[in-house]
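S.K.: No letters, just coordinates:
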């Protein structure tokens, strides 16, 4: 398992718990709280999330598009959008400052990963990169390289 598997597992569990126990779908606003709880720190970058922190050591990019997890797509990132945000963050805004990026998605976009493959490969050469597919409480690591 990858270095960030535990974080992905906690996030998947909390999303699933909200859906099953609380009977409500996850909002984009919930994701930064869930991410901070999973990491055990408040100073992380989370997309989508609430702006406010500069470049942190860890950035989480969470893509939820399944109707099992969200009520509507408003404010949530598609997998393609999350990949684009990851590349922009890691190769642009926070280049050399963010040391680890974790992409968590409930719907993998193979076309987007192919289009951004070289960028993701470059990110992985200079930083830790973890990519995970979630389905309910289940988590699978996606290996691109």
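M.R.: Nice, I can see it. Quantities reported herein were computed from a predicted structural model and do not represent experimental measurements.
S.K.: going forward, measure contacts and count neighbours with C-alpha atoms only.
M.R.: Fine.
S.K.: what lines up beside the strand ranked longest in the chain in the sheet?
M.R.: For the chain, the strand with the greatest residue count under DSSP state E is strand 128-135. Strand 128-135 pairs in its sheet with strand 100-105 (parallel), strand 138-141 (antiparallel), by DSSP bridges.
S.K.: Would you confirm that residue 145 contacts residue 122?
M.R.: No. Checked against CA atoms under 8 Å, the pair residue 145 and residue 122 is beyond contact range at 10.8 Å.
S.K.: And those two? Which one has more around it.
M.R.: Using other CA atoms under 10 Å as the criterion, residue 145 and residue 122 rank with residue 122 on top: 13 against 7.
S.K.: Show me the contact partners of the helix or strand hosting that one.
M.R.: Per DSSP states H and E: residue 122 is located in helix 117-126. The contact list for helix 117-126, computed with CA atoms under 8 Å, 6 or more residues apart in numbering, reads 87, 90-91, 99, 129, 145.
S.K.: buried ones in that helix?
M.R.: 117, 119-120, 123-124 (16 or more other CA atoms under 10 Å).
S.K.: Just give me how far it sits from the chain centre.
M.R.: Mean C-alpha position of helix 117-126 versus that of the full chain (CA atoms, centre = their mean, to the nearest Å) differs by 16 Å.
S.K.: on contacts alone, who are the packing partners of the helix or strand of the chain with the lowest mean pLDDT?
M.R.: Ranking every helix and strand in the chain by mean pLDDT, DSSP states H and E puts helix 28-39 at the bottom, with a mean of 88. Packing contacts for helix 28-39, counted by 3 or more CA pairs under 8 Å, 6 or more residues apart in numbering; DSSP states H and E, involve helix 5-20, strand 45-47.
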